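K.L.:
sequence? don't have it. structure:
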């Protein structure tokens, strides 16, 4: 039967768009549904990203049922920063039917051509804080709440339709040793004395929260050279602070400052919330919040969400302070292993952050690209 594409033009259809993956993955134990409220906030025009982005969403129907979804995004800041004429696709989910996938991506491609654009890539979101990169290896591993999970056929479909690899991100896993490596402790002391830097030891969570805007400023400066990154605007920063800071654990965030109390580096880590989000089923209430709170207090696997150091302090060993401080806390809290955030495969600097430990491959994610 013919695939029918319908644009999402009202709140009712947007809810269908958000909830479709829960039907698609209902028998997939590893799938972690995002919170419906977070998805709606990201996709609505009230998202601060729409100050420099355009976005349209479509649903695919087959045999009278929703068979897929896709978002088309034009990030004008990214196109200007990287001298591109590119349209992004994201929020791609579909049944194992190449005709459905083709109809969805062609819809985004047609819009891109109408706008005079030359390439199409994804999965990307409005910003680098959105989920990005299709899962291509590690389908048997637990995904985090900040990464995509998808069936293996997604990548197969895209490659059949002429998409090719643009860039990969790698995640690694390490077992947390019972003691901080001696060389790390020694290096921490040397770096503190040489550069006059120190780690903030917060008494309360608000001691970290008041540094939130400084942390995001470091993120903007440290990530500026990374592939397709665009600086977060002031309104975007405020949105992400409101969205994520309530969940922070003061002992799982490291903030490094210089002698003038300026933030020069940071790392944000959290307990794995995947099980809590899975049990919440996309809803905070009435019981979803309880499941997420339980995950916040389950100290087994820790996930590294963000880590950054300003250019002035790169290659000066700031990572030694970060890992020494965090691992000491992890040991006290009883964590057993750590999963890294997705790291660009050619970003050797960030990969060397884990040189103090033995690590193993965890998952690989890929952004695809195609000429229009």
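P.N.:
On my side now, so go ahead. Being a predicted model, the structure only gives us computed values, none of them experimental.
K.L.:
Every contact and neighbour count from this point should use C-alpha atoms.
P.N.:
OK.
K.L.:
The protein: helices as residue ranges?
P.N.:
Ranges of helices in the chain, per DSSP state H, are 11-24, 36-43, 76-81, 98-114, 153-160, 182-195, 206-209, 212-223, 234-244, 274-280, 288-296, 318-333, 348-351.
K.L.:
Out of those helices, name the one with the poorest average pLDDT.
P.N.:
Looking at those, the lowest mean pLDDT belongs to helix 348-351 (a mean of 68).
K.L.:
who wins for proximity to residue 59 among the helices of the chain?
P.N.:
helix 11-24 (6.7 Å; C-alpha to C-alpha).
K.L.:
in the closest one, what counts as buried?
P.N.:
For helix 11-24, burial by neighbour count (16 or more other C-alpha atoms under 10 Å) applies to 13, 14, 17, 18, 19, 20, 21, 22, 24.
K.L.:
Now distance to residue 260 too, for the helices of the chain, in a markdown table please.
P.N.:
Converted to a markdown table, these look like this (distance: least, C-alpha to C-alpha, whole Å):
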| stretch | distance to residue 260 |
| --- | --- |
| helix 11-24 | 46 |
| helix 36-43 | 36 |
| helix 76-81 | 32 |
| helix 98-114 | 48 |
| helix 153-160 | 48 |
| helix 182-195 | 12 |
| helix 206-209 | 17 |
| helix 212-223 | 13 |
| helix 234-244 | 24 |
| helix 274-280 | 38 |
| helix 288-296 | 33 |
| helix 318-333 | 16 |
| helix 348-351 | 26 |
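K.L.:
Could you give the number of residues near residue 135?
P.N.:
By the criterion of other C-alpha atoms under 10 Å, residue 135 has 24 neighbours.
K.L.:
and it, what does it touch?
P.N.:
Residues counted as contacts of residue 135 (C-alpha atoms under 8 Å, 6 or more residues apart in numbering) are 148, 149, 150, 152, 363, 364, 365, 366.
K.L.:
Look up the residues forming beta bridges with it.
P.N.:
Residue 135 forms beta bridges with residue 365, as assigned by DSSP bridges.
K.L.:
any idea how far residue 170 is from it?
P.N.:
Between residue 135 and residue 170 the computed distance is 10 Å (C-alpha to C-alpha, to the nearest Å).
K.L.:
Apart from its neighbours in sequence, what residue is nearest residue 279?
P.N.:
Once flanking residues are discounted, residue 279 sits nearest to residue 291: 6.4 Å by C-alpha to C-alpha, 6 or more residues apart in numbering.
K.L.:
Isn't the one you found up against residue 281?
P.N.:
No. Contact criterion C-alpha atoms under 8 Å: residue 291 and residue 281 do not qualify, at 9.9 Å.
K.L.:
on that earlier part again, what's the overlap in contacts for residue 135 and residue 170?
P.N.:
363, 364, 365.
K.L.:
ok, of those, which one's closest to residue 112?
P.N.:
residue 365 (24.1 Å).
K.L.:
Quick check: the closest one touching residue 136?
P.N.:
Yes. Contact criterion C-alpha under 8 Å: residue 365 and residue 136 qualify, at 5.6 Å.
K.L.:
How about the contacts made by residue 124?
P.N.:
Taking C-alpha under 8 Å, 6+ apart as the test, what residue 124 contacts is 88, 89, 90, 130, 131, 132, 133, 367.
K.L.:
I misspoke; the intended subject was residue 93.
P.N.:
Residue 93 makes contacts with 21, 68, 69, 70, 150, 154, as judged by C-alpha under 8 Å, 6+ apart.
K.L.:
Dump those residues to TSV, plus distance to residue 275.
P.N.:
Conversion of the contacts of residue 93 to TSV gives the following (distance: C-alpha to C-alpha, whole Å):
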residue	distance to residue 275
21	17
68	25
69	25
70	26
150	17
154	24
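K.L.:
Most neighbours among those residues, please name it.
P.N.:
Neighbour max across those (other C-alpha under 10 Å) = residue 69, 29 neighbours.
K.L.:
Okay, and the beta partners of it?
P.N.:
residue 59, residue 93.
K.L.:
mind checking pLDDT for it?
P.N.:
So residue 69 comes in at 98 (pLDDT).
K.L.:
Same check on residue 245?
P.N.:
79.
K.L.:
and it, how many residues sit next to it?
P.N.:
14.
K.L.:
ok, and the closest non-adjacent residue to it?
P.N.:
Per C-alpha to C-alpha, 6+ apart, closest to residue 245 is residue 209, 6.7 Å.
K.L.:
ok, residue 202 - contacts?
P.N.:
208, 250, 251.
K.L.:
let's see 10 Å
P.N.:
208, 250, 251, 253, 254, 255 (C-alpha atoms under 10 Å, 6 or more residues apart in numbering).
K.L.:
okay, it: pLDDT?
P.N.:
89.
K.L.:
thinking again about what came up before, quick one, what contacts the residue nearest to residue 245?
P.N.:
Residue 209 neighbours (C-alpha under 10 Å, 6+ apart): 215, 241, 245, 246, 248, 250.
K.L.:
So it versus residue 221, what's the distance?
P.N.:
Taking C-alpha to C-alpha, one finds residue 209 at 19 Å from residue 221.
K.L.:
ok, now residue 44?
P.N.:
Taking C-alpha to C-alpha, one finds residue 44 at 28 Å from residue 221.
K.L.:
Residue 82 now?
P.N.:
Counting by C-alpha to C-alpha, the gap from residue 82 to residue 221 is 16 Å.
K.L.:
which ones are touching the closest residue to residue 231 other than its chain neighbours?
P.N.:
Setting aside the residues directly before and after it, residue 231 is nearest to residue 220 in space (C-alpha to C-alpha, 6+ apart), at 5.3 Å. With contact set as C-alpha under 10 Å, 6+ apart, residue 220 has these partners: 214, 229, 230, 231, 232, 233, 308, 309, 310.
K.L.:
All good on my end, thank you.
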